[in-house]
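Enquirer: quick one, structure for this:
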Amino acid sequence: MPRPSRTHLATALGLGLISLMVLISLLALGASPARAADKRVPRTISVTATGTASGVPDTATISLGVDSQAGTAAEALNRNAQRTQGVIDAMQFVGVKKRDIQTSNISLYPTFDQNSRITGYSVSTRMTAKTPDIANAGKVIDAAAGLAGDDIRVDSISLSIEDTGPVVRNARRRAVTAAREHAGQLARAAHARIGSVRTIVEERNDVPTYPIAASYRSASDEDSVPVEAGTQELQIRVKVVYEIA
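Expert: The predicted structure is shown next:
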């Protein structure tokens, strides 16, 4: 029997490969509807909602400082150091903890007359003091003023919520509840019904701190500076995507 030539072998292999490719294509065509069904993009509805919650501030942060002047730098520094230490001691005396008093800035600079000649030196020390006793925050200012006298400077009082966890949880719950309600309204209008949640994206700002006017009376006055806590609000915005059927 004669042996097949190389040409015959190549032809046979080519036909075999073609048959195999046709078979694979037919199988793929047969499976494509199932794959298409599996990859079908679900219908969704996207809504955005905001939840708001409020809380009562429980911390007052007082920004204040001591400005001292003297003929020499050494005298100005010494005067400022004594007055500043007096302010710190006074604030601790009325209940501010040492760990809640922080120095933020100390500066020394010359003062000049109209002919640009140095007339002396000025030292400025800035600090912040935190107290959970908002109702008596005015006593802290009065105590500081009593020790520093005319050198005291009160820049601002800010009220804040130390632990924002409960406020955040309430705002978050209200935002998600509102989102589901909005989605349900839209779905019913389109004669559909909402299904499971696909994605949730949250946007929020921290509970703000509100500065109030910084002013004080002399410590000799009978009443302290009145400070009212009021309430503060936090808003959380959510974007929720639901499946619909």
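
Enquirer: which stretches of this structure form helices?
Expert: Assigned helices in the chain, in chain order: 6-38, 73-93, 137-148, 165-189 (criterion: DSSP state H).

Enquirer: worst mean pLDDT among those helices?
Expert: Considering those one by one, the lowest average pLDDT is found for helix 6-38, at a mean of 50.

Enquirer: and the residue lying closest to Ser46 once chain neighbours are set aside, how far from Met127?
Expert: Of all residues beyond its chain neighbours, the one nearest Ser46 is Val241 (4.8 Å), with distances taken as C-beta to C-beta, 6 or more residues apart in numbering. The way it works is simple: take the backbone N, C-alpha and C, and place the C-beta from them, glycine included. Between Val241 and Met127 the distance is 49 Å, computed by C-beta to C-beta, to the nearest Å.

Enquirer: these two: which has the busier surroundings?
Expert: Neighbour tally, Val241 and Met127, criterion other C-beta atoms under 10 Å: the higher count belongs to Met127, 20 against 15.

Enquirer: contact partners for the more buried one?
Expert: Taking C-beta atoms under 8 Å, 6 or more residues apart in numbering as the definition of contact, the neighbours of Met127 are Ser63, Leu64, Gly65, Thr84, Val87, Ile88, Ile101, Gln102, Thr103, Ser104.

Enquirer: my guess is the second one contacts Thr125. True?
Expert: Right, Leu64. No: because the distance of 9.5 Å does not satisfy C-beta atoms under 8 Å, Leu64 is recorded as not touching Thr125.

Enquirer: with adjacent residues omitted, what lies nearest to Pro110?
Expert: Ile118 (4.7 Å).

Enquirer: start and end of stretch 62-77, how far apart?
Expert: The separation between the terminal residues of stretch 62-77, taken as C-alpha to C-alpha, to the nearest Å, is 23 Å.

Enquirer: so which bits of it are buried?
Expert: By 16 or more other C-beta atoms under 10 Å, the buried positions in stretch 62-77 come out as Ile62, Ser63, Leu64, Gly65, Val66, Asp67, Ser68, Gln69, Ala70, Ala73, Ala76, Leu77.

Enquirer: contacts made by that stretch with the rest, please.
Expert: 78-80, 83-84, 87, 104, 108, 110-111, 120-131, 137, 140-141, 144, 148, 151-158, 214.
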